[in-house]
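J.: sequence and predicted structure below; questions after.
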Amino acid sequence: PAAGMERLRSAGPPLPPYEPLSEGLDMEGLPPPAVVTLEPPPPPPPRDHLAWSLCTSLYGNVCCLGFLALVFSVKSRDRKVLGDYSGALSYGSTAKYLNITALLLNIFFTILIIALLASGTIVITKLFNYQQDQHTFLGPT
C-alpha cells in the first residue's frame with residue numbers, strides 16, 4: 001500500500017516540503033488571511049411590459065385598455081429609472097393585468113365575430129335556397 005501511495009504522489013507536480021515556523025516567529029507575525037465577502041447579486045429590475053403594451057395599444061385596443069396599459073408601462077419605466085423599484089413593480093403589474101384583459105377580450109370578440117359570420121352565412125344560404133325552391137324558373141314563354 002505504501003508503494004501505491006508513492007505512485008499517486010509522484011503522478012502530479014511535486015509538493016513543496018513542509019517547513020515549520022522559524023524560531024522566534026509565531027502566528028501573529030504572519031500576514032492576515034485574505035477574507036472575501038460575497039454579496040448576493042442585486043435582484044433584477046421589475047418588468048415594465050412596454051413592448052407588449054405597445055402591441056396591445058396598436059393592434060387590440062379594446063375599450064382603450066391597450067392605451068391604459070401603455071400609460072402604466074411608461075410610468076413603470078420612469079419609476080425604474082428613478083430607482084423606485086416598488087413603484088415600478090406596482091405600475092408594471094397593473095400594465096400586465098391590463099394587457100391580459102385586453103388580450104382575453106380580443107380573443108373573445110374575434111371568436112364572437114367568426115361565430116356570427118359563420119351563422120349569418122348559414123342563415124343567408126338557407127334563405128337563398130328556400131327562395132330558389134319557391135320561385136322555380138320555368139323558362140321563356
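T.: Yes, it's here.
J.: need the phi and psi values for His49.
T.: The phi/psi pair for His49 (degrees, to the nearest 10) reads phi 60, psi 40.
J.: so His49 is in contact with Gly92, correct?
T.: Yes. Counting by C-beta atoms under 8 Å, His49 touches Gly92, with 6.0 Å between them. Glycine gets a C-beta too; all of them are placed from N, C-alpha and C.
J.: Cys64 versus the residue nearest the centre of the chain, what's the distance?
T.: Ranked by distance to the mean C-alpha position of the chain (C-alpha atoms, centre = their mean), the top residue is Arg47 at 8.0 Å. As judged by C-beta to C-beta, to the nearest Å, Arg47 and Cys64 stand 22 Å apart.
J.: for the protein, longest helix please?
T.: The longest helix of the chain (DSSP state H) is helix 85-134.
J.: other SSEs contacting the strand or helix carrying Arg77?
T.: Using DSSP states H and E, Arg77 maps to helix 65-82. Applying 3 or more C-beta pairs under 8 Å, 6 or more residues apart in numbering; DSSP states H and E, one finds that helix 65-82 contacts helix 50-59, helix 85-134.
J.: closest to Leu15 out of the ones you listed?
T.: Shortest distance between Leu15 and the helices and strands packed on helix 65-82, using C-beta to C-beta, is found for helix 85-134: 51.0 Å.
J.: tell me what angle that closest one forms with helix 50-59.
T.: 30 degrees (axes from the mean of the first three to the mean of the last three C-alpha atoms, to 10 degrees).
J.: helix 85-134 - contacts with which helices or strands?
T.: Looks like helix 85-134 contacts helix 50-59, helix 65-82 (3+ C-beta pairs under 8 Å, 6+ apart).
J.: in the shortest one, what's buried?
T.: In other words, helix 50-59. The neighbour-count check on helix 50-59 (16 or more other C-beta atoms under 10 Å) flags 50, 52-53, 56-57 as buried.
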